[in-house]
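K.L.:
okay, here's the prediction I keep looking at, along with the sequence it came from:
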Amino acid sequence: MTSIRRPAIAGLTLAAVLVAGGCSGDSKTDTKGASPAGDTTVSAAPPATTAPASASEELTQAYAKFSDTPVKFELASAAGIAGTGAIDAKTKSSEMTTDLASAGSMVTRQIGKDLYVKTEGQVGDAIGATAGKWMHIDVSQVPDSSPISIKNTDPANTAKLITTASEVTKTGDHTFKGTLDMTKSATANATMLKALGAKAKAVPFTAETDAEGRLTKLSMALESIAPGAGEMTATYSNWGEPVNVAKPAAGEVVEMPAKFRKAMGA
């Protein structure tokens, strides 16, 4: 059980912190056919009204667009963690599916103040999930440090992280590179950061924007801080398209079990 639980939770946290993120942008649907998404509650800076003065400011403005524009996203990593989702910060509607490879998968849906989580495979069995059910919890009961926290899957958090970027340069009209300081992320996992040490302060990244200055791709070279981790890439698409998240049927919902809440830090 322990061998499954630890990597599952660590994987979710890493994906959420780096992608916030989650880093992740796409158009997949889960087994119930709802539009994908991550959680939400956005606190990004207001949209800029003046032209950016630097490459770093240009990226910050690109991320700020998450605060008022629906977007879909997709996450992929060499470590086997993958995610898909969509988010509308204004309506507090979102869904995110995290694929943990052989350990199973986890889906989170937020509709207003209600958060629903469903797992499949070994990960759910190991951390006390109710098989075949959507587990409900009020978002106010989920701390920021939890892998299922709305802040961990809110793309606006990456906007804050990008403001810590160093050595940001433009490599083309809409391409950038630099390093990120993960230790300054409000949702970073303390245990993970301690294990990474000084390397967490300089994670190489590249980014791309579209003609309207919206983020379309973000890649982080995790190999530089964790051998074997490879690269984590998030792509963002369908900017402005409505996000429709289906509320699970009453018969498919149970209140989140205490064991699962504890495993998720809630």
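P.N.:
Thanks, I have it.
K.L.:
in the stretch 1-150 of the chain, which spans are strands?
P.N.:
Per DSSP state E, counting those that start in this stretch, the stretch 1-150 of the chain carries strands over the ranges 71-77, 82-88, 93-99, 105-111, 114-120, 134-138.
K.L.:
taking strand 93-99 as reference, get the angle to the first one.
P.N.:
Calculated by axes from the mean of the first three to the mean of the last three C-alpha atoms, to 10 degrees, strand 71-77 forms an angle of 20 degrees with strand 93-99.
K.L.:
likewise the last one?
P.N.:
Orientation of strand 134-138 against strand 93-99 (the same axes, to 10 degrees) gives an angle of 130 degrees.
K.L.:
so who does the residue nearest to Lys201 when sequence neighbours are not counted touch?
P.N.:
What sits nearest to Lys201 in space, not counting adjacent residues and going by C-beta to C-beta, 6 or more residues apart in numbering, is Asp181, at 4.8 Å. For glycine as for every other residue, the C-beta is placed from the backbone atoms N, C-alpha and C. Going by C-beta atoms under 8 Å, 6 or more residues apart in numbering, Asp181 touches Leu161, Thr164, Ala165, Ser166, Ala200, Lys201, Ala202, Val203.
K.L.:
same deal with Lys118?
P.N.:
Per C-beta under 8 Å, 6+ apart, neighbours of Lys118: Met106, Val107, Ala129, Lys133, Trp134, Met135, Pro248.
K.L.:
6 Å - rerun?
P.N.:
Applying C-beta atoms under 6 Å, 6 or more residues apart in numbering to Lys118 gives the contacts Val107, Trp134.
K.L.:
again with Met256
P.N.:
Applying C-beta under 6 Å, 6+ apart, the residues contacting Met256 are Met135, Ile137.
K.L.:
heads up, I number from 2, so please use that
P.N.:
Okay, using 2 as the starting number, the last item reads as Met257.
K.L.:
what does the pLDDT read for it?
P.N.:
Listed pLDDT for Met257 reads 95.
K.L.:
check the gap between it and Ala267 for me.
P.N.:
Applying C-beta to C-beta, to the nearest Å, the value for Met257 to Ala267 is 7 Å.
K.L.:
likewise Val72?
P.N.:
In terms of C-beta to C-beta, Val72 sits 26 Å off from Ala267.
K.L.:
ditto for Ile226
P.N.:
For Ile226, the distance to Ala267 - C-beta to C-beta - is 28 Å.
K.L.:
and Asp126, by the same measure?
P.N.:
19 Å.
K.L.:
neighbour count: Val72 and Ala267, which is higher?
P.N.:
Taking neighbours as other C-beta atoms under 10 Å, Val72 and Ala267 compare with Val72 leading, 26 against 20.
K.L.:
in the sheet, who's paired with the more buried one?
P.N.:
Beta-bridge partners for Val72, by DSSP bridges, are Ile88.
K.L.:
can you verify my assumption that it contacts Tyr237?
P.N.:
Yes: here Val72 reaches Tyr237: they are 5.4 Å apart, a contact under C-beta atoms under 6 Å.
K.L.:
where's the closest residue to Lys134 other than its chain neighbours, which helix or strand?
P.N.:
Nearest residue to Lys134, sequence neighbours excluded (C-beta to C-beta, 6+ apart): Val255, at 4.8 Å. Per DSSP states H and E: Val255 is located in strand 254-256.
K.L.:
tell me the buried residues in the very next helix or strand once past that strand?
P.N.:
Sequence-wise, the next helix or strand downstream of strand 254-256 (DSSP H and E) is helix 259-264. Buried positions in helix 259-264, judged by neighbour count with 16 or more other C-beta atoms under 10 Å: Phe261, Arg262, Ala264.
K.L.:
mind listing the helices in the stretch 52-201 of the chain by residue range?
P.N.:
56-65, 123-127, 157-163, 191-197 (DSSP state H, counting those that start in this stretch).
K.L.:
C-alpha coordinates for the second one, PDB please?
P.N.:
Taking only C-alpha atoms (Å, rounded to 0.1, in the frame of the first residue of the first chain), the coordinates of helix 123-127 have been written out as PDB:
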ATOM      1  CA  GLN A 123      -4.600   0.900  -7.300                       C
ATOM      2  CA  VAL A 124      -4.200   4.500  -6.300                       C
ATOM      3  CA  GLY A 125      -7.800   4.600  -5.000                       C
ATOM      4  CA  ASP A 126      -7.600   1.300  -3.200                       C
ATOM      5  CA  ALA A 127      -4.400   2.400  -1.500                       C
END
